[in-house]
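Enquirer: I'll drop the sequence and a predicted model, then ask my questions.
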Amino acid sequence: MTTGDKPKPVSSTGTAPEIGLGVAKSAHGKDTTLACRYELKYRIPEAKARAIAEYVKSYIHMDRYAKLQPRGEYPIVSLYLDSDGFRLARETLEGKKNRFKLRIRGYSDNPESPCFFEVKRRINEVILKSRARVRQEDISPILQTGRPPSGYKGDAKVLRQFLLYTQYIGAKPMVLVRYMRQAFEGDSDNRVRVTFDRQIYFKISRKPKVELNSRGWQSARLDCVVLEIKFTAKYPAWLSNMVKVFDLKRGGMSKYASSVKKSCDMGFCAPQAYSYGTPQLTGYLDG
């Protein structure tokens, strides 16, 4: 599928196009995530996304994972955890400045491919992200026992932090979200990363399993590309010029919150207080 194609609608059987089977086993072996950063989000049309990508190429290069893919984009799937009352989704929708998300992220259905327990915190305008690498087979035991597996060799401190947050709010698996990402990144001390996310799908899931391809995926049907700009220090002049040239307007965009809203529209799982048409939802996700 080319980057210009729009998301394909879900069929009557509830299935969606399979993705991610070509991801190399070692593609995400080294964790290069920006642990402390500023993050700006925009919802833009496909034509503008293509033009911006060409502009970005003049300053930073395609990231190492995108380079491995024939179409320059790779799949991401995240299992989001939340309380029964969707506390974390509500805090996002209400615009709470200091909040966090709990998710388990993967990049392939290959059982040898690792997954990552992630805590993503927002403190005012700063994003703090920490994650611990785990084996896919260990996800369920970790969530059931509330502790790292015996002999765990990853970042035990981060994993314990994740489990502490989980226990604190009574978080459980709620929603799977998947999409295709085109990403560019710089090598300077001021790490800059620009990503374009397309083909966003979601699925209600109570299973402690991260999976890209299975039945029941629903299209988020966002008529846009989600552009994210991330940097760790100063806001580069070329990015400032890009925002002006392409007339970019910042806007709230949470893939998890969008999925909760869509689930609510379909009568699946969202709290009654956030039912279809509720101002908090409509204003945040559609405005």
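Expert: Received the coordinates, thanks. Bear in mind that the values here come from a model prediction, so they are computed numbers and not experimental data.
Enquirer: any low-confidence regions in the chain?
Expert: 1-35, 265-287 (pLDDT under 70).
Enquirer: Which parts of it are helices?
Expert: Using DSSP state H, the helices of the chain run over 46-56, 64-67, 87-93, 139-145, 156-169, 237-245, 255-265, 279-286.
Enquirer: Of those helices, which stretch is the most buried?
Expert: Ranked by mean neighbour count, the helices of the chain are led by helix 255-265 with a mean of 23 (mean count of other Cβ atoms under 10 Å). All C-beta spots, glycine's among them, are computed from the backbone N, C-alpha and C.
Enquirer: And stretch 110-130, end to end?
Expert: End-to-end distance for stretch 110-130: 23 Å, by Cα to Cα, to the nearest Å.
Enquirer: Identify each buried residue in that stretch, please.
Expert: 113-122, 127, 129-130 (16 or more other Cβ atoms under 10 Å).
Enquirer: all strands of the stretch 1-150 of the chain, in order?
Expert: Taking DSSP state E, counting those that start in this stretch as the test, the strands found in the stretch 1-150 of the chain are 36-44, 61-62, 74-82, 98-106, 115-123, 126-134.
Enquirer: and the direction of the last one versus that of strand 36-44, what angle?
Expert: Between the axis of strand 126-134 and that of strand 36-44 there is an angle of 100 degrees, by axes from the mean of the first three to the mean of the last three Cα atoms, to 10 degrees.
Enquirer: Parallel or antiparallel, list what pairs with strand 126-134.
Expert: Partners of strand 126-134 in the sheet, by DSSP bridges, are strand 36-44 (antiparallel), strand 115-123 (antiparallel).
Enquirer: re earlier: need the max-distance pair from the buried residues of stretch 110-130.
Expert: Spanning the widest gap among these are 113 and 122, at 28.1 Å by Cβ to Cβ.
Enquirer: rewinding a little: tabulate the buried residues of stretch 110-130 (TSV), appending distance to residue 49.
Expert: Below are the buried residues of stretch 110-130 laid out as TSV (distance: Cβ to Cβ, whole Å):
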residue	distance to residue 49
113	28
114	29
115	28
116	26
117	30
118	25
119	29
120	23
121	28
122	25
127	22
129	24
130	29
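Enquirer: which among the residues you listed gets closest to residue 178?
Expert: Closest to residue 178, out of all of these and judged by Cβ to Cβ, is residue 115, at 13.3 Å.
Enquirer: Do I have it right that that closest one meets residue 137?
Expert: No: with contacts counted by Cβ atoms under 8 Å, residue 115 stays clear of residue 137, the gap being 9.8 Å.
Enquirer: out of the strands paired with strand 126-134, which comes closest to residue 225?
Expert: Counting by Cβ to Cβ, residue 225 lies closest to strand 36-44 out of the strands paired with strand 126-134; the figure is 5.5 Å.
Enquirer: how many degrees apart are the closest one and helix 46-56 in direction?
Expert: 140 degrees.
Enquirer: now the angle from strand 36-44 to helix 237-245?
Expert: Put simply, strand 36-44 runs at 20 degrees to helix 237-245, going by the same axes, to 10 degrees.
Enquirer: what sits up against strand 36-44?
Expert: The contact list for strand 36-44, computed with Cβ atoms under 8 Å, 6 or more residues apart in numbering, reads 52, 125-129, 191, 193, 222, 224-232, 235, 246, 248-253.
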